[in-house]
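Participant: 3D model of this:
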Amino acid sequence: MSKLDDLEVLQHDIEYIRKTRIRQFILVAIALFAVLSVVNIAGRQTSILFVMLGAILVLSYALRELRQNHVGRASHIVLWVILITITYSMWEGSGIRSAAVIGYPGALLFALIMTGVRSFWIVYAGMLIFMTVLTWASVNDWREATEQTRGYLTLIDYAAVLSAVTFVVRVLASDLLRLSGRLHMQIADVKHLADHDTLTGLPNRGMAEHFFEQMLSQSQRDGRKVALVFVDIDNFKIVNDTHGHHLGDELLQHLSDVISGQLRKSDRLVRIAGDEFLILLPGIDKSPDIGRILQKISRQASQPVMLAGIELTPTLSMGVALAPDHGTSFRELMALADSAMYQAKAAGRNCYQLYQPTAARS
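Facilitator: Down below sits the predicted model:
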């Protein structure tokens, strides 16, 4: 599955979760209004009772819209039913001290996640305006501000609203955390894809300079050197032209595994392009250290191998440049190592050459 397919699956999952959560919120809201209806019947508040029953009917319609995949329409219906119910309950009840006000944070969170940023700000502004008007009306005796104390019925009011809001917040927060985790994984995969070669899985040229800067800094502190080894597969074009690119790809994968298997933990192998690789060897004291490592690589790489039923005996030509002996610029050292690699090819291939300025000039 490609990274694009992964992102499409993630988008589908987000839509599925959104639809599922809206359905759950509708059912929770219906249950909440049913409980509050019973409380209002017990408290003989028939005016609010009719509002609650009306809200249940409208939410049932929203559930029908959701079943028909009208997710956006259902979301807005749920949001406005909740807001109107809260507003009416506060106006007819205890004002800004009403249990209904607990529902405001949940409604804001629902608006932001389920209906968008624009709805969030509209709802927020509407809440502020309504609470201002409500307070003004109470202060100026436009409405009777009564503190309704109904004992355990008041407790049930608060507990029911708080439980519904807690459910909304908990579920949405869990979804956000889970989707955020998946998104971080997708971003990490994309970053890895940008920094690595898709065929061999090796770091690409962009990472090579980063590795070099780290190694050079450490080696300078230790009084040691960093070797850049430019590697080219001998006669790779012939393999491609004779046996096809598929076999050439298998050979690249095989040799990347072979070379990696001969390196130290501190070394790095990078694919530059085509049949070219770069080996970074930090902590080098003297040239013989490089020789031992490269001879081992050359010996293992030149072992006969069966790929797709065809026996091949690959060889490598390698050129070496040292930092700081030949410079400290990554690009300049790459060019020098490349030049030394061509010296190795001129010497008969299947060997390595340390960069020699005199040889380069000749």
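
Participant: from residue 93, how far off is the closest residue to residue 137 other than its chain neighbours?
Facilitator: In space, and not counting its chain neighbours, residue 137 is closest to residue 143: 4.7 Å by C-beta to C-beta, 6 or more residues apart in numbering. Any C-beta I mention is one placed from the backbone N, CA and C, and that applies to glycine too. Using C-beta to C-beta, to the nearest Å, residue 143 is found at 11 Å from residue 93.

Participant: who's more crowded, those two?
Facilitator: For residue 143 versus residue 93, neighbours defined as other C-beta atoms under 10 Å are more numerous around residue 93 (19 against 14).

Participant: for the stretch 201-350 of the chain, what spans make up the strands?
Facilitator: With DSSP state E, counting those that start in this stretch as the criterion, the stretch 201-350 of the chain has strands at 225-233, 268-273, 276-284, 305-307, 310-312, 316-323.

Participant: direction included, what does the third one pair up with?
Facilitator: Within its sheet, strand 276-284 is paired with strand 225-233 (antiparallel), strand 268-273 (antiparallel), according to DSSP bridges.

Participant: show me what counts as buried in the last one.
Facilitator: Within strand 268-273, the residues that count as buried by 16 or more other C-beta atoms under 10 Å are 268-272.

Participant: same check on stretch 128-136?
Facilitator: Going by neighbour count (16+ other C-beta under 10 Å), the buried part of stretch 128-136 is 130-131, 134.

Participant: tell me the helix or strand right after the helix or strand hosting residue 34.
Facilitator: Here residue 34 is covered by helix 3-43, with elements defined by DSSP states H and E. Downstream of helix 3-43, the next assigned helix or strand under DSSP H and E is helix 46-67.

Participant: pLDDT weak spots in this structure?
Facilitator: For the chain, the stretches flagged by pLDDT under 70 are 1-14, 43-47, 144-162, 175-177, 179-180, 182, 358-362.

Participant: so which residues of it form helices?
Facilitator: Using DSSP state H, the helices of the chain run over residues 3-43, 46-67, 71-92, 103-110, 117-139, 152-195, 205-222, 236-243, 245-261, 287-301, 330-346, 357-361.

Participant: returning to what we had before: out of the strands of the stretch 201-350 of the chain, nearest to residue 60?
Facilitator: Smallest distance to residue 60 across the strands of the stretch 201-350 of the chain (C-beta to C-beta): 61.2 Å, for strand 268-273.

Participant: run the chain-centre distance for the closest one.
Facilitator: Relative to its chain's centre, strand 268-273 lies at 26 Å (C-alpha atoms, centre = their mean, to the nearest Å).

Participant: contacts for that strand, please.
Facilitator: If you take C-beta atoms under 8 Å, 6 or more residues apart in numbering as the criterion, strand 268-273 is touched by 197, 199-200, 202-205, 207-208, 211, 215, 230, 252, 256, 259-260, 263, 277-280.

Participant: ok, 7 Å please
Facilitator: Strand 268-273 has contacts (C-beta atoms under 7 Å, 6 or more residues apart in numbering) with 197, 200, 202-205, 207-208, 211, 256, 259-260, 263, 277-280.

Participant: can you redo the buried residues of strand 268-273 as CSV with distance to residue 105?
Facilitator: Shown next, in CSV, are those (distance: C-beta to C-beta, whole Å):
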residue, distance to residue 105
268, 52
269, 55
270, 52
271, 53
272, 56
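
Participant: now, which of those sits nearest residue 285?
Facilitator: Of all the buried residues of strand 268-273, residue 268 has the smallest distance to residue 285: 18.5 Å, by C-beta to C-beta.

Participant: tell me what the closest one is bridged to.
Facilitator: Legend: beta-bridge partners of residue 268 under DSSP bridges are residue 280.

Participant: against residue 325, how distant is it?
Facilitator: In this view, residue 268 and residue 325 are 19 Å apart by C-beta to C-beta.

Participant: most centrally placed residue in this structure?
Facilitator: residue 184 (2.4 Å; C-alpha atoms, centre = their mean).

Participant: and that residue, how far is that from residue 191?
Facilitator: For residue 184, the distance to residue 191 equals 10 Å [C-beta to C-beta].

Participant: and the residue nearest to residue 137, how far is that from residue 40?
Facilitator: According to C-beta to C-beta, residue 143 and residue 40 sit 19 Å apart.
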